[in-house]
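Student: Sequence and predicted structure are below.
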Amino acid sequence: MRLDDLSRLAAQLEGVSESRREGLLHWRYRDLLVQSFPETFSVPGRFAKHMMVVADLEHGNPDGSRTRSSPRGSSSRGAEHRPAPRLRSLPVSRLASVYPIVSARSLARPFTYEIGDEVRKGAVLAIPFGNARRRGVVVDADAEAPPDVEPVAAERVLETLPPALVDLALWLADYYGSTPARALALIAPQQPKRRGERREVPATAGLPAEPPPARLSESQLHALERIQGLLASGGGNVLLAGATGSGKTEVYIRACEAALAAGRGAIVLVPEIALTPQTLGRFRARFGDRVALLHSGLSEAGRRDERERIVTGEASVVVGARSAVFAPLPSLGVICVDEEHDASYKQESDPRYDARTVAAKRAALEGAVAIFGSATPRPESWLALERLELGGRIAAPLPTVRVVDLRQETGYPLSAPLLAELGRLAEDGGKAILLLNRRGVAPALHCRACGVTRRCSNCDVAYTLHGDGSLRCHHCDAREPAGETCPECGSPELARIGAGTQRLERELERHLPELERIRLDADAVAKPEELRSALERFALADRAVLVGTQMVAKGHHFAGVELAAVVDADTGLGLPDFRAEERTFQLLTQLAGRSGREAPGRVLIQTFQPESRAVEHAARHDVAGFLAGELERRRALGYPPFRHLVRVLVSGPEAADATRALEELKAGLPDFELLGPAPLLRLRGRHRAQLVGKTDRPRALASRAAALLAAAAPAMRRAGLTAVVDVDPQSV
Ligand SMILES: [Zn+2]
Ligand SMILES: [Zn+2]
């Protein structure tokens, strides 16, 4: 765009009201105007001055110095966040398109900066931005020069990231409906300056590792050959399916070796920080100092140091949780996603990315191999990915599973068959794991006289009774004393409904005092050290029971566990979520895999619904059968992986406002299949409702919805409403 075009544009805008002008201009022109005339444009009442400037320029005042008369970042509304470049007076050197890392959606676009010769795409720069200094990421190092504008110079290079990561972040922003700046912040996290201190050796030690096997099994060899073939021929995605103990980790390790041999790096993702010490131990034993650890639990300095080791190539194998998918390896060869079924891979705040989808995208961008491993793969992966099956266990057969029908057996939560099994351990020694996916003593307190269930006043959920006599809301953590009598009618007839881990622990103490009890839930182990010490105590014990929520089924390796029992398999089945059966099946099968990694173990499942698909298939270790049925059901209902879901959730102080906002949104999206609006449970005092779209075009739906929501933003703000667009949500 030339200066006379710019002037003509400015002239056309004369007489147009300030508020309309913003909407009329394409951002690119607006950007040019703002960059050229920062003090005059977009500032109410100063547009006339802007016209003067244009006139000055046309009358041979090319350096436009008069436009700089007022200090940069005066009280002007828009200009203070924007770069205020000088008008062109010297030949422009290299220019780059730079995204400033700022959270405001209104600034979600690149700005042009002058850069040095050494700066490449992926450089993280310190840039002057309006009045402030920000970080910015170069997305294009050969930007078109806005012809009549001299952009400000970037100050210095803070870090240089692989260019592929920039493409990954921009794709992520688009797919998940976030902003480029927020996505770029994932690949370029803020880092503390080094103040002369030496690099920290990562304090997090790995757990001791098993020795490598003398030789690989046939199926391991076959899987590895296939992975090596893909690595040599441009990459791909595979599903590594095999029961717990079938040797998946050894395949990851060998695949990483193959990547390193080819001069490339590797990433190994685990679903939770709590699982990193064990994986780290196994990889450190094989790769030594070439392993780096990355997760959000590290100190900022620790993370900076690890990132440095990765960027420089000193460490080329990265172990970590979700965010390690963005590890700045110069060239990625292999990315392993362990326990790929785990919902923790989805981030539940903006940008709401799924590390599994991002891993596949990154592999595609870098010609790398993504290996998704699980004993209980997602239907999505089972259907879409090339399957490399490891089959059953190498060392021992899978345990036999006994289903205890709670409609026939008395004694919940400890039925007679379960007590008999535990009694045997108390006598002969041995260890058991008991899964009950509910914390506290009882999930509800109910008045027998008037029928009232005590509920949280902020949320539409029943209070959970805890061991200290308090009632707690598991959503907002509100607490109040349970008291001896019903606050409604004064009756002392209070019934505790159901059982949680604390009650289970008490019952065990009553029936089997000889067994040591170790509880593993969010109340008992709030910190990583507590988790570690609980696991150590269990490992060293001679006769013990580990009682816990789903934490006990999550990939921890326990030696010498003879019995694994699911106390109540029905807790998850009643949830109104299309993944309820998948989750239950995974939980049951994963827990069954925890027993008898050396000895033949026994598994017991207590349930009121022994005929449910999840229970039946888990009892037979029939992963393929379960997934076949699940895929059939999802195909019929149009659920993932056959279609994508996009969820729009609106919350606010009034239920009617939330629903109305979604109805209006739905009316604006006539081309899409949308379910709802449906009201959801009130949480933390806010009413919620959601609209769920089933679509083959998730990006189109998400961006249309986001645009409509942005247009409705002022009205929604007045009603106190907030909206979230979630692409590929993990629960609906
Ligand atoms: Zn009552
Ligand atoms: Zn609450």
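Tutor: On my side now, so go ahead. Ligands and ions are numbered 1, 2, ... in the order given.
Student: can you map out the helices along the stretch 251-400 of the chain?
Tutor: Taking DSSP state H, counting those that start in this stretch, the helices of the stretch 251-400 of the chain run over residues 276-287, 300-311, 355-366, 379-384.
Student: Can you point out the buried residues in the first one?
Tutor: For helix 276-287, burial by neighbour count (16 or more other C-beta atoms under 10 Å) applies to 276-287. Just so you know, the C-beta spots here come from the backbone N, C-alpha and C atoms, and that holds for glycine as well.
Student: need the residues you listed in CSV with pLDDT and distance to residue 372, can you?
Tutor: Rendered in CSV, the data for those read as follows (pLDDT from 0 to 100; distance: C-beta to C-beta, whole Å):
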residue, pLDDT, distance to residue 372
276, 87, 18
277, 84, 22
278, 84, 19
279, 90, 15
280, 91, 20
281, 89, 22
282, 91, 18
283, 94, 18
284, 93, 23
285, 92, 24
286, 93, 21
287, 95, 21
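Student: ok, residues contacting stretch 488-501?
Tutor: By C-beta atoms under 8 Å, 6 or more residues apart in numbering, the surrounding residues in contact with stretch 488-501 are 412-413, 436, 438-450, 452-453, 464-465, 482, 484-486, 503, 507, 519, 521, 523-524, 547-549, 567-568.
Student: Endpoint to endpoint, it covers what distance?
Tutor: Stretch 488-501 has an end-to-end distance of 28 Å (C-alpha to C-alpha, to the nearest Å).
Student: Ok, stretch 659-679 next?
Tutor: Using C-alpha to C-alpha, the distance between the terminal residues of stretch 659-679 is 7 Å.
Student: likewise stretch 586-605?
Tutor: In stretch 586-605, first residue to last residue: 13 Å (C-alpha to C-alpha).
Student: for that stretch, what is the average pLDDT?
Tutor: Here stretch 586-605 scores 80 as its mean pLDDT.
Student: For ligand 2, what's the nearest residue on the stretch 201-350 of the chain?
Tutor: residue 348 (17.7 Å; C-beta to the ion).
Student: Against which helices or strands is the helix or strand hosting residue 113 packed?
Tutor: Assigned by DSSP states H and E, residue 113 belongs to strand 111-114. Packing partners of strand 111-114 (3 or more C-beta pairs under 8 Å, 6 or more residues apart in numbering; DSSP states H and E): helix 27-36, strand 95-100, strand 123-129.
Student: Output it as PDB - backbone C-alpha positions only.
Tutor: Extracted in PDB, the C-alpha atoms of strand 111-114 (Å, rounded to 0.1, in the frame of the first residue of the first chain):
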ATOM      1  CA  PHE A 111       3.400  -6.600  13.800                       C
ATOM      2  CA  THR A 112       6.400  -5.700  11.600                       C
ATOM      3  CA  TYR A 113       9.800  -5.300  13.200                       C
ATOM      4  CA  GLU A 114      13.200  -4.600  12.000                       C
END
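Student: buried stuff in stretch 638-657?
Tutor: For stretch 638-657, burial by neighbour count (16+ other C-beta under 10 Å) applies to 639-640, 642-652, 655, 657.
Student: Equivalent analysis for stretch 167-180, please.
Tutor: Using 16+ other C-beta under 10 Å as the burial criterion, the residues of stretch 167-180 that qualify are 167-173, 175-180.
Student: Next: stretch 234-251.
Tutor: 235-251.
Student: So which of those residues sit within strands?
Tutor: 236-242 (DSSP state E).
Student: Show me which residues of this structure sit near ligand 1.
Tutor: Proximity of the chain to ligand 1 (C-beta under 5 Å from the ion) is limited to residues 447, 449-450, 452, 486, 488-489, 491.
Student: I'd like the residues you listed as CSV, with neighbour count and distance to residue 229 appended.
Tutor: Converted to CSV, the residues of the chain next to ligand 1 look like this (neighbours: other C-beta atoms under 10 Å; distance: C-beta to C-beta, whole Å):
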residue, neighbour count, distance to residue 229
447, 20, 66
449, 14, 71
450, 12, 69
452, 16, 65
486, 20, 68
488, 12, 69
489, 12, 72
491, 13, 71
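Student: What is the nearest of the residues you listed to ligand 2?
Tutor: Among the residues of the chain next to ligand 1, and counting by C-beta to the ion, the member closest to ligand 2 is residue 452, at 16.8 Å.
Student: Give me the below-cutoff pLDDT ranges for this protein.
Tutor: 1-93, 146-150, 196-208, 392, 394-396, 555, 596-600 (pLDDT under 70).
Student: element containing residue 676?
Tutor: Counting by DSSP H and E, residue 676 is part of strand 673-683.
Student: Could you do residue 704 as well?
Tutor: Assignment of secondary structure by DSSP H and E places residue 704 within helix 698-711.
Student: Residues in contact with the next helix or strand after that helix: which ones?
Tutor: The helix or strand immediately downstream of helix 698-711 is helix 713-718, counting by DSSP H and E. The contact list for helix 713-718 (C-beta under 8 Å, 6+ apart) reads 650, 652, 661, 709, 722-723.
Student: Alpha carbons of stretch 522-534, as PDB, please.
Tutor: Taking only C-alpha atoms (Å, rounded to 0.1, in the frame of the first residue of the first chain), the coordinates of stretch 522-534 have been written out as PDB:
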ATOM      1  CA  ALA A 522      -6.300 -36.300  46.700                       C
ATOM      2  CA  ASP A 523      -6.900 -35.800  50.500                       C
ATOM      3  CA  ALA A 524      -4.200 -38.200  51.600                       C
ATOM      4  CA  VAL A 525      -1.500 -37.300  49.100                       C
ATOM      5  CA  ALA A 526      -1.700 -33.700  48.100                       C
ATOM      6  CA  LYS A 527       2.000 -33.200  47.400                       C
ATOM      7  CA  PRO A 528       4.400 -35.300  45.200                       C
ATOM      8  CA  GLU A 529       6.500 -36.200  48.200                       C
ATOM      9  CA  GLU A 530       3.500 -37.600  49.900                       C
ATOM     10  CA  LEU A 531       2.700 -39.700  46.900                       C
ATOM     11  CA  ARG A 532       6.200 -40.900  46.700                       C
ATOM     12  CA  SER A 533       6.400 -41.800  50.400                       C
ATOM     13  CA  ALA A 534       3.000 -43.700  50.200                       C
END
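Student: Just the buried residues of stretch 658-667, please?
Tutor: Across stretch 658-667, burial judged by 16+ other C-beta under 10 Å covers 658-662, 665-666.
Student: likewise stretch 179-190?
Tutor: Residues of stretch 179-190 classed as buried: 179-189 (neighbour count, 16+ other C-beta under 10 Å).
Student: Name the residues of the protein found near ligand 2, please.
Tutor: 456, 458-459, 473, 475-476, 478.
Student: closest to ligand 1 among the residues you listed?
Tutor: Among those, and counting by C-beta to the ion, the member closest to ligand 1 is residue 456, at 17.3 Å.
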